[in-house]
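J.: Here's a sequence, model it:
(one chain, ligands or ions: 2)
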Amino acid sequence: MTPDDRIYAYSAVLMGSPILLKLFEHNESLASRVFRLIKQQENIFTVNRPHSEVMAVNHAAGSHPVEVSQPVYELIKRAKAVSLLNDSLFNFTIGPLVKRWKIGFNGHSVPAASDLQSLLALTNPRDVILDDAARSVFLQHAGMEIDLGAIAKGYIADVVRDFLLAEQVPQGLINLGGNVQTLGASGQEGWGIGLKKPFAAEDALLGVIHVSNKSVVTSGIYERYFELDGRRYHHILDPKTGYPLDNELQSVTVISEDSIDGDIYTTLLYGMGVEKSLEYLQDLAHIEAIFVTKQQQIICSSHRQFGFTLLDNSYQLLR
Ligand code: AMP
Ligand code: MG
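T.: Numbers count the residues shown, from 1 in each chain. Ligands and ions are numbered 1, 2, ... in the order given. Have a look, this model is predicted:
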């Protein structure tokens with residue numbers, strides 16, 4: 001019997017993505033509790049529906065502070081800190097730009113440069129006032145909008161992992177569409193996680209890595225985009241210009257303990273580009289990354305917690 005014979009897979013579509021749960025036992029009730037938990041969490045963070053804790057903050061922009069729950073407050077506080085790092089690509093107040101572009105949604109268009117300029121004025125992370133004692137969040141200017149879309153899945157993947165651990169499930173995998181979090185290992189090698197081939201068929205893989213007790217997060221410009229007049233506009237925006245960030249990268253994958261770290265670092269490293277990232281990661285023992293470039297090259301920052309097996313020979317594995 002191969003390890004995979006003992007795996008039970010459960011799937012659902014939530015947060016606009018296919019969600020996959022793998023367990024080593026047949027347990028429908030556990031699976032539905034996991035999916036319910038994901039839905040609950042999504043209802044807290046979403047900005048794609050009128051009501052959520054985050055939307056309550058956004059609706060009160062320019063008017064008054066809003067008290068939020070402890071986990072939401074902590075996530076917003078972390079998002080602000082990461083947004084204020086030097087040269088950070090990550091900006092949790094990017095909402096007005098995301099809403100204007102509508103990339104990946106009906107009604108997308110390329111905004112006029114002057115529109116982008118005026119929206120950029122509403123995306124200063126310093127204009128979000130946090131009050132620890134009141135646990136409140138205040139967006140100082142009308143029209144400001146928090147968007148946690150880049151990190152909500154990572155946060156939720158960790159919530160699911162913690163839930164499974166509390167339920168004494170030693171082995172499992174949750175895939176939230178781009179964010180994978182694993183418990184234990186599947187077989188001796190660990191869980192095999194495929195890396196998608198950019199701009200190819202859904203099931204086309206560049207390669208596979210094996211990990212145990214780790215999160216694997218990928219952020220790529222092929223995930224959500226539209227094309228107009230021969231140009232491609234993808235969903236990771238440069239908070240300095242308001243346009244999709246244009247550099248040598250197609251995707252960044254981060255291997256880390258917590259999926260929230262993976263989500264934060266994929267965005268930060270994407271903004272740094274390959275060379276700077278490799279230098280930066282030398283000092284970070286708990287984060288590893290795989291970069292895929294438009295030149296069809298794959299570069300791993302290190303191989304402490306995973307090996308990479310190349311499956312597509314049109315790409316070149318550099319290290
Ligand atoms: P991900 O798929 O995890 O890379 O996250 C992409 C999502 O994050 C987008 O759909 C936006 O909602 C949001 N986003 C886009 N650009 C940025 C940015 N520069 N900083 C933070 N969030 C962003
Ligand atoms: Mg992300």
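J.: so where do the strands sit in the stretch 1-150 of the chain?
T.: With strands called from DSSP state E, counting those that start in this stretch, the stretch 1-150 of the chain shows them at 8-14, 17-23, 66-67, 128-131, 136-139.
J.: What sits closest to F92 if chain neighbours are left out?
T.: Sequence neighbours aside, A79 is the residue nearest to F92 in space, at 3.8 Å (criterion: C-beta to C-beta, 6 or more residues apart in numbering). Just so you know, the C-beta spots here come from the backbone N, C-alpha and C atoms, and that holds for glycine as well.
J.: and after the biggest helix by length in the chain, which helix or strand comes next?
T.: Assignment by DSSP state H gives helix 259-281 as the longest helix of the chain. Note on helix 259-281: by DSSP states H and E, the next helix or strand toward the C-terminus is strand 288-293.
J.: and that following strand, anywhere near ligand 2?
T.: No: if you take C-beta under 5 Å from the ion as the test, strand 288-293 misses ligand 2, and the best it gets is 12.9 Å.
J.: for that strand, packing partners?
T.: For strand 288-293, the elements it packs on are strand 249-256, helix 259-281, strand 297-300, judged by 3 or more C-beta pairs under 8 Å, 6 or more residues apart in numbering; DSSP states H and E.
J.: Report the buried residues of the longest helix of the chain.
T.: Buried residues in helix 259-281, counted by 16 or more other C-beta atoms under 10 Å: 259-274, 277-278, 280-281.
J.: count of residues packed around the closest residue to ligand 1 within the stretch 1-150 of the chain?
T.: Taking C-beta to the nearest ligand atom, ligand 1 has its nearest neighbour within the stretch 1-150 of the chain at G149, 2.8 Å off. A count of nearby residues for G149, using other C-beta atoms under 10 Å, gives 19.
J.: One more: N313?
T.: Count around N313 with other C-beta under 10 Å applied: 7.
J.: Could you check the pLDDT of the residue nearest to K22 when sequence neighbours are not counted?
T.: Spatially, and ignoring its direct neighbours in sequence, K22 is nearest to L173 (4.2 Å; C-beta to C-beta, 6+ apart). Among the per-residue scores, L173 holds a pLDDT of 97.
J.: show me the contacts for L173.
T.: Neighbour list for L173: 20-22, 180-183, 186, 191 [criterion: C-beta atoms under 8 Å, 6 or more residues apart in numbering].
J.: what's across from it in the sheet?
T.: Bridge pairing for L173 (DSSP bridges) gives the partners K22, T182.
J.: when you scan stretch 152-161, is anything in it near ligand 2?
T.: No: on the criterion C-beta under 5 Å from the ion, stretch 152-161 is out of touch with ligand 2, staying 6.2 Å away.
J.: Dump that stretch to PDB, restricted to CA.
T.: Output of stretch 152-161 as PDB, limited to C-alpha atoms (Å, rounded to 0.1, in the frame of the first residue of the first chain):
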ATOM      1  CA  ALA A 152      -6.100  36.400   4.900                       C
ATOM      2  CA  LYS A 153      -5.700  32.900   3.400                       C
ATOM      3  CA  GLY A 154      -2.400  32.400   5.300                       C
ATOM      4  CA  TYR A 155      -4.000  33.500   8.500                       C
ATOM      5  CA  ILE A 156      -6.900  31.100   7.900                       C
ATOM      6  CA  ALA A 157      -4.600  28.200   6.900                       C
ATOM      7  CA  ASP A 158      -2.900  28.500  10.300                       C
ATOM      8  CA  VAL A 159      -6.300  28.700  12.100                       C
ATOM      9  CA  VAL A 160      -7.300  25.400  10.400                       C
ATOM     10  CA  ARG A 161      -3.900  23.800  11.300                       C
END
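J.: so what's the residue of the stretch 1-150 of the chain found nearest ligand 2 up against?
T.: The stretch 1-150 of the chain approaches ligand 2 most closely through A150 (4.2 Å), counting by C-beta to the ion. Contacts were defined as C-beta under 8 Å, 6+ apart; by that measure A150 touches 90, 92, 219, 236, 263-264, 267.
J.: Pull up the gap between it and E42, please.
T.: Counting by C-beta to C-beta, to the nearest Å, the gap from A150 to E42 is 15 Å.
J.: And for F226?
T.: Using C-beta to C-beta, F226 is found at 24 Å from E42.
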